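[1] sequence first, then the predicted structure, then my questions.
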Amino acid sequence: MLAGKYDLPVARAPVKRRPAASSPPGLQGLPADGRKRVVIEAVSPEIDAGRFPARRTVGEKVTVEADVFADGHDALACVMRYRHESAPEWTEVPMTALVNDRWRAEFTVTELGHYVFTVEGWIDPFETWSRQFAKRVEAGQDVTQELEVAARLVESAAARASGPEAAKLMAYAAQLRKGKAAAAAALASDLAELMDRNADRSRSVTHGRDLRVFVEPERARYSSWYEMFPRSAGKGGKHGTFRDVEEWLPYISGMGFDVLYFPPIHPIGRTHRKGANNNPLARPDEPGSPWAIGSEEGGHKSVHPQLGTLDDFRRLLKVAGEHGLSIALDIAFQCSPDHPYTKEHPEWFRHRPDGSIQYAENPPKKYEDIYPFDFECEAWPELWAELLSIVEFWIDQGVKIFRVDNPHTKPFPFWEWLAGEIKREHPEVILLSEAFTRPKVMYRLAKAAFSQSYTYFAWRNTGWELTQYFTELRSAPVREFLRPNLWPNTPDILTEYLQTGGRPAFSARLVLAATLGASYGIYGPAFELCENRAKEPGSEEYLDSEKYQIRSWNRDSPDSLRELITLINNVRRENPALQSDKGLMFHPTENDQIVAYTKSTDDLADVVLTVVNVDPHHRQIGMVTLPLEALGIDRDRSFQAHELLSGARYLWNGPRNYVELSPQTSQAQIFRFRRRIRSEHDFEYFL
């Protein structure tokens, strides 16, 4: 049986429906109150009719919009209400009418966890009267009766008010009955505000469900990841340790990264261990794949003995924190044939007809060193509980960020449950989904459980592909629940573009990843050293892949991209526009080999233009056309374009400006705009 701490899904008895209340003959099916005339539709953000929350990070705004309307021409009032899940009281914000019956309001989230919000609308008789009264006065009509109507509306509001406001409203009602001049004075005062605060909401309509926003730490929105294999941190080809990794921390943090991600750090099985270059026959001294988890030394709650001890790992967490780095661990829910689970809980695995446990397959490929869990086994509740305990174990050690391996091969309900259990107690935990799969599957995982998601970025290389893909990611509703984390390479992915494009290709992909996405990562040192040797033609596997062997890296190589990476991460830190996925706009360049886009803050105080030559072999020129007004730039004044990689400054005029990018000099440029401002002393300067 399961311990009571695990709130697993349970079967529910069918709901018995009570017969409808009787209605007068001939009036069957009447609504509870047919006088409620307001309609509320198309509320955003609303994910799958409220099934899932939208996602934000601390300090971000939630912009709520809704279609709110009614029959006829009566004026409406509309509010948005919100509260943190721990707060008993709602905060109410008036909504502003846009066009075509669309309304908007916003609130800022300041705490981790869930916020709840909804929309309420009602007919506003006093505002309706005010609009009609103004027209009657303008037409010179007798308004004696109209003033009496207003006085009665104000008296009704006084009955709903209390204290000084009630007395003040009664005084205004008396004033309205004294004629047009007195009424005009009343209407010019705070009467409208008092009427709003004491409106009659007895026939208001509220959106049919409370909607949710889940708030996570800032690092869920903005982060720079560096992946490395700890076992390659040693010197002279020796197996690295956590102490060896400590020597790498100044190098990694010095480049401006804030998340250091490790592949699995657990004991590795020996049965069917893979050798170098995925050879099915490993030599006795070969380390095997870290994803073949488990041996006689332990399983998912143990560390590989050659890396060190749990105490060594906890020390590494502390030292990394002193360098501004968070450690992210890989969560791979699978086992080697030697994992203790295979003997203690064989019921958690699928079995072949001969009784042996079924290894992983993707025909014709066989992964005999890995046993997947059977999430449809009869003992699934115990399996789920154990997998949750793995994540909780590492949280207890101090890990708050996890990269989850292949979540698309496990059930959606499992991830939704596991993430809910984790984040109820630890809302600061960040989960990155490594699911290179069909879009709808990726989106469902993001909605159900994950703070960030890998994307198809690695395979979007042309300007058209990039524009189309990131327009999709920034469109509603995807932008409300999926936060992309962009990786130009991983231990599994060495694209043809990187294989054939040389150093310029690596430079281009670095700039694209770091500026298109608020979160990005690289698998290093392979990336900064421009490792582009494929195992074989047509393969995306690295030759001598670190997945199967220890590598020695010369991180001080003069050919390293270390300097460029450091510079770009500094640019990201200094420009808030690059710390969010909002405000992205693509711009014409008159050359399909050049992609140009801006990112800007909501107030346009920070506007950054990135221009990238996606052709790693040839010089490209183009004319970038910018929507100056949308970027807060005066069309009639020149503005300074400060190129942040080279430090050069250009004076641009008008929306069209020339760019030239060459693999031999610069594959990309990043501009920050400084606008020309006239001071009170009548001289001009750049802001």
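    Yep, that arrived.
[2] how far off centre is the helix or strand containing residue 252?
    In this assignment (DSSP states H and E), residue 252 forms part of helix 242-254. Chain-centre distance of helix 242-254: 28 Å, with C-alpha atoms, centre = their mean, to the nearest Å.
[3] which SSE is immediately downstream of that helix?
    Next along from helix 242-254, by DSSP H and E: strand 259-262.
[4] what is the helix or strand just after that following strand packed up against?
    Next helix or strand after strand 259-262 toward the C-terminus (DSSP H and E): helix 310-322. Where contact means 3 or more C-beta pairs under 8 Å, 6 or more residues apart in numbering; DSSP states H and E, helix 310-322 is packed against helix 242-254, strand 326-331, helix 380-397. Every residue, glycine included, has its C-beta placed from N, CA and C.
[5] show me what stretch 615-628 is in contact with.
    With C-beta atoms under 8 Å, 6 or more residues apart in numbering as the test, stretch 615-628 has contacts from 497, 500-502, 504-505, 508, 585, 587-591, 593-594, 596, 598, 609, 611, 613, 633-635, 654-664, 667.
[6] got the CA positions of that stretch in PDB?
    These are the backbone C-alpha positions of stretch 615-628, laid out as PDB (Å, rounded to 0.1, in the frame of the first residue of the first chain):
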ATOM      1  CA  ASP A 615      24.800  31.600 -44.700                       C
ATOM      2  CA  PRO A 616      28.100  30.400 -43.000                       C
ATOM      3  CA  HIS A 617      30.000  30.400 -46.300                       C
ATOM      4  CA  HIS A 618      29.400  33.800 -48.000                       C
ATOM      5  CA  ARG A 619      29.200  37.500 -47.400                       C
ATOM      6  CA  GLN A 620      25.700  38.800 -47.400                       C
ATOM      7  CA  ILE A 621      24.300  42.400 -47.600                       C
ATOM      8  CA  GLY A 622      20.800  43.700 -47.100                       C
ATOM      9  CA  MET A 623      18.500  46.600 -46.200                       C
ATOM     10  CA  VAL A 624      16.800  46.200 -42.800                       C
ATOM     11  CA  THR A 625      13.400  47.900 -42.700                       C
ATOM     12  CA  LEU A 626      12.200  48.800 -39.200                       C
ATOM     13  CA  PRO A 627       8.700  49.900 -38.000                       C
ATOM     14  CA  LEU A 628      10.100  52.900 -36.200                       C
END
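[7] follow-up on the earlier one: just the buried ones among the contacts of stretch 615-628, please.
    Using 16 or more other C-beta atoms under 10 Å as the burial test, the contacts of stretch 615-628 include 497, 501, 504-505, 508, 585, 587, 589, 591, 593-594, 596, 598, 609, 611, 613, 633, 655, 657, 659, 661, 663, 667 as buried.
[8] in helices, which of those fall?
    497, 501, 504, 505, 508 (DSSP state H).
[9] pick out the most distant pair among these.
    Farthest-apart pair in those is 497 and 504; separation 10.5 Å (C-beta to C-beta).
[10] so for the helix holding residue 252, what gets flagged as buried?
    242, 244, 245, 246, 248, 249, 251, 252, 253.
[11] likewise for stretch 608-625?
    608, 609, 610, 611, 612, 613, 614, 615, 616, 620, 622, 624.
[12] can you list which of these are found in strands?
    Using DSSP state E, 608, 609, 610, 611, 612, 613, 620, 622, 624 are the members of those that sit in strands.
[13] farthest pair within the residues you listed?
    Maximum pairwise distance among these (C-beta to C-beta): 20.6 Å, between 608 and 620.
[14] sorry, back to before: ok, the buried residues of helix 242-254 vs residue 201, which is closest?
    Closest approach to residue 201 among these (C-beta to C-beta): residue 253, at 55.1 Å.
[15] tally of neighbours for the closest residue in space to the closest one that isn't next to it in sequence?
    In space, not counting the residues next to it along the chain, residue 253 is nearest to residue 323; the distance is 4.1 Å by C-beta to C-beta, 6 or more residues apart in numbering. By other C-beta atoms under 10 Å, 17 other residues sit near residue 323.
[16] the one 3 residues further on now?
    Other residues near residue 326 come to 21 when the count uses other C-beta under 10 Å.
[17] then the one 4 residues further on?
    Counted with other C-beta under 10 Å, residues neighbouring residue 330 total 20.
[18] coming back round to it: residue contacts, the residue nearest to residue 253?
    249, 250, 252, 253.
[19] got the CA positions of the host helix or strand of residue 225 in PDB?
    Per DSSP H and E: residue 225 is located in strand 223-227. Provided in PDB are the C-alpha atoms of strand 223-227 (Å, rounded to 0.1, in the frame of the first residue of the first chain):
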ATOM      1  CA  SER A 223      18.600  31.400 -17.900                       C
ATOM      2  CA  SER A 224      21.800  30.500 -19.700                       C
ATOM      3  CA  TRP A 225      22.700  26.800 -19.500                       C
ATOM      4  CA  TYR A 226      26.000  25.000 -19.900                       C
ATOM      5  CA  GLU A 227      26.000  21.200 -20.200                       C
END
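[20] hey, where'd the helices end up in the stretch 501-650 of the chain?
    562-574 (DSSP state H, counting those that start in this stretch).
[21] now distance to residue 415 and pLDDT too, for the buried residues of helix 242-254, in TSV please.
    Formatted as TSV, the buried residues of helix 242-254 follow (distance: C-beta to C-beta, whole Å; pLDDT from 0 to 100):
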residue	distance to residue 415	pLDDT
242	29	98
244	34	98
245	29	98
246	33	98
248	32	98
249	32	98
251	35	98
252	30	98
253	31	98
